[in-house]
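Undergrad: build me a structure from this.
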Amino acid sequence: MTPDFAPDSPDALPLWAVWKGDPLAEQAGPWPAASGFSGKLGEICLLPDASGGLSGALLGLGDRAQASRHRFAMAHAAGLPKGLWRPFLPDDLDLDEAALALLLGQYRFTRYKGTPHDGARFICPQGADAHRIAAQAAGEFLTRDLINTPANDMGPDALEAAARALAGEAGASVAVTTGGDLLDANLPMIHAVGRAAEQAPRLIDIRLGDAGPRLTIVGKGVCFDTGGLDIKPSASMLLMKKDMGGAATALGLLKMLALTGAADRMRIRVLLPVVENSVAGNAFRPGDVLTSRKGLTVEVNNTDAEGRLILADALTLGAEESPDLMISLATLTGAARVALGPDLPPFYCDDDATADALSRAAMAARDPLWRMPFWDGYESQIEPPIADLDNAPSGGMAGSITAALFLRRFAQGAGRYVHMDIYGWQPVLTPGRPKGGLGQGARAILAALPRILA
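TA: Numbering: from 1, shown residues only. Down below sits the predicted model:
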């Protein structure tokens, strides 16, 4: 479905969102108290009219003191009966978050089971930017759909088709380098990682906009990760359809930029190295030394650390154009989840002003990120004896940082570089975020760009 707000109508029923313990709207009458409504988080009270129909509803937002813990509380409104609803919100509720929550609550992944949301629809809350909010929801829905689709239907061919479809919608150009042509184009590590798969590896290159500062977005597109010859145990493979979450998030962000008109003010380039990390006789091996596009040699000490290899070639290509800002989005390390959990992705940036703008925008947009350091003291860990770089340093410590340091070597030439080590998955049901694929960082980037690229 395409998320959007309903046109205004005098027939819309009122929906009052209330904090627990706050006075209720006068129009609600005595029914809420008689029915035991308390305003706890997600509680819905339907209000009858004199003829037994509906006159409106109340939605509980929970304890005001715990509001910061409950993102997208208004998404609970998706549980209202089918019909058109006009929200009335408390003055101290974040307006943009509430408006976005009303749309995010409508998301359903129905490719294989179920039907799209066909229930309550909402008029945009007064004062919110309906077009911008709907654009963010549309980008997020695209990201979720791509991640949720299993690898048998979302391999490199299908991900390329999705990228081409989006480019067509946005009026962007797209070029794809596939299979052996990657070697001719000097993208050898993308080829090495993906050559064992049935569907050929590729680099997808999308461009949109022809004036203004240059923004380059690089998204990891590992459509399925077996671990390669360092094969994962089966339990660790179960979520590996999400290992293209960086590419999916990059495409979702591109959709947001296109729909909001941001592409009219900048030159956007999206680079997606897309592979499947498979096992076959021609798979790259532990101990192999690969030569990257940049000319740096990389010793492969673990074929399950393949994401940074394909990103390295794409980052090098992107940096050659000297963009003002280059951002990598990747489901890269388990170490990031150990440090910060699934809901708070780390990001890395050497430029304090850029990092500050991104941190502030992330919290304001309720798309949280946490700055981690490019710690120079760990550089020696990624420098093995027989090659320039090691793709999987031994010891197991600071894994997210050493991966970021590895990538930074290939981003030199960009004006500023930001790396996000995202998870791309919601492990449990929460308001507006069903269990499954999840975009992380895109809305924060969208909000921060005007300040970063001013």
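Undergrad: all helices for the protein, in order.
TA: Remark: helices assigned in the chain by DSSP state H are 31-35, 95-104, 130-148, 156-170, 181-184, 188-194, 234-237, 245-260, 307-319, 334-340, 352-364, 399-408, 442-452.
Undergrad: columns distance to G436 and mean neighbour count on top of the ones you listed, output as CSV?
TA: (Each C-beta comes from the backbone N, C-alpha and C, glycine too.) Shown next, in CSV, are those (distance: least, C-beta to C-beta, whole Å; neighbours: other C-beta atoms under 10 Å):
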stretch, distance to G436, mean neighbour count
helix 31-35, 34, 14
helix 95-104, 13, 24
helix 130-148, 5, 23
helix 156-170, 17, 18
helix 181-184, 31, 16
helix 188-194, 25, 27
helix 234-237, 17, 11
helix 245-260, 11, 27
helix 307-319, 21, 27
helix 334-340, 17, 18
helix 352-364, 22, 17
helix 399-408, 23, 24
helix 442-452, 16, 23
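Undergrad: identify whichever of those helices lies nearest to A17.
TA: helix 95-104 (7.3 Å; C-beta to C-beta).
Undergrad: any idea of the pLDDT on the nearest residue to F88 once chain neighbours are set aside?
TA: Among residues not flanking F88 along the chain, W16 sits closest, at 5.0 Å (C-beta to C-beta, 6 or more residues apart in numbering). What the model reports as pLDDT for W16 is 97.
Undergrad: counting neighbours, what do you get for W16?
TA: 20 (other C-beta atoms under 10 Å).
Undergrad: over to the one 3 residues further on?
TA: Residues lying near W19 (other C-beta under 10 Å) number 19.
Undergrad: quick check: closest non-adjacent residue to it.
TA: That would be R64: by C-beta to C-beta, 6+ apart, it lies 4.4 Å from W19.
Undergrad: for the one you found, give me its contacts.
TA: By C-beta atoms under 8 Å, 6 or more residues apart in numbering, the residues touching R64 are W19, K20, D22, D92.
Undergrad: quick check: PyMOL command selecting the buried ones in these.
TA: A single PyMOL command selects the buried members of the contacts of R64 (16 or more other C-beta atoms under 10 Å):
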select buried, resi 19+20
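Undergrad: just put the contacts of R64 in TSV and tack on pLDDT and distance to R195.
TA: Shown next, in TSV, are those (pLDDT from 0 to 100; distance: C-beta to C-beta, whole Å):
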residue	pLDDT	distance to R195
W19	96	57
K20	95	58
D22	91	61
D92	94	56
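Undergrad: nearest to V218, of the contacts of R64?
TA: Once C-beta to C-beta is applied, the member of the contacts of R64 that ends up nearest V218 is D92, at 39.1 Å.
Undergrad: who are the contact partners of the closest residue in space to D118 that isn't next to it in sequence?
TA: Distances taken as C-beta to C-beta, 6+ apart place K82 nearest to D118, at 6.8 Å, with adjacent residues excluded. Residues in contact with K82 (C-beta under 8 Å, 6+ apart) are D118, G119, A120.
Undergrad: how much space separates K82 from H117?
TA: From K82 across to H117, the span is 10 Å (C-beta to C-beta, to the nearest Å).
Undergrad: what do you get for L142?
TA: 16 Å.
Undergrad: just T149 next, same as before
TA: For T149, the distance to H117 - C-beta to C-beta - is 18 Å.
Undergrad: neighbour count for the two, which is higher?
TA: T149 (22 against 17).
Undergrad: and the more buried one, how far is that from L253?
TA: To L253, T149 is 18 Å away according to C-beta to C-beta.
Undergrad: residues in contact with the residue lying closest to F109 once chain neighbours are set aside?
TA: In space, and not counting its chain neighbours, F109 is closest to N148: 4.5 Å by C-beta to C-beta, 6+ apart. N148 makes contacts with F109, R111, K241, G436, G437, as judged by C-beta under 8 Å, 6+ apart.
Undergrad: and N148, what pLDDT?
TA: 98.
Undergrad: can you pull the pLDDT of the closest residue to L159 other than its chain neighbours?
TA: In space, and not counting its chain neighbours, L159 is closest to V274: 5.4 Å by C-beta to C-beta, 6+ apart. pLDDT, the model's per-residue confidence, is 99 for V274.
Undergrad: now do the contacts for V274.
TA: 156, 159-160, 194, 201-204, 221-223, 244, 247 are the contacts of V274 under C-beta under 8 Å, 6+ apart.
Undergrad: thinking again about what came up before, how near is the residue nearest to D118 to R164?
TA: 36 Å.
Undergrad: include distance to L407 when you put the contacts of K82 into JSON lines, please.
TA: What follows is the contacts of K82, written out as JSON lines (distance: C-beta to C-beta, whole Å):
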{"residue": "D118", "distance to L407": "43"}
{"residue": "G119", "distance to L407": "43"}
{"residue": "A120", "distance to L407": "43"}
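Undergrad: most neighbours of all those, which one?
TA: A120 (21 neighbours).
Undergrad: got the contact list for it?
TA: Contacts of A120 by C-beta under 8 Å, 6+ apart are A77, A78, G79, L80, P81, K82, G83, L84, W85.
Undergrad: filter these to the buried ones?
TA: The buried subset of the contacts of A120 - by 16+ other C-beta under 10 Å - is A77, A78, L80, W85.
Undergrad: among those, which pair sits farthest apart?
TA: It's A78 and W85 that sit farthest apart of the buried ones among the contacts of A120, by C-beta to C-beta, at 10.5 Å.
Undergrad: grab the nearest non-local neighbour of M154.
TA: C223 (6.0 Å).
Undergrad: could you do L453 as well?
TA: Using C-beta to C-beta, 6+ apart, the nearest residue to L453 is P213, at 4.5 Å.
Undergrad: ok, that neighbour - how many residues close by?
TA: 17.
Undergrad: that one reaches M266, doesn't it?
TA: Yes. Using C-beta atoms under 8 Å, P213 is in contact with M266, at 5.2 Å.
Undergrad: which residues do these two both contact?
TA: L453.
Undergrad: lowest-pLDDT helix or strand in this structure?
TA: helix 31-35 (a mean of 92; mean pLDDT, DSSP states H and E).
Undergrad: who's in contact with D157?
TA: Q199.
Undergrad: from A163, how far off is it?
TA: 11 Å.
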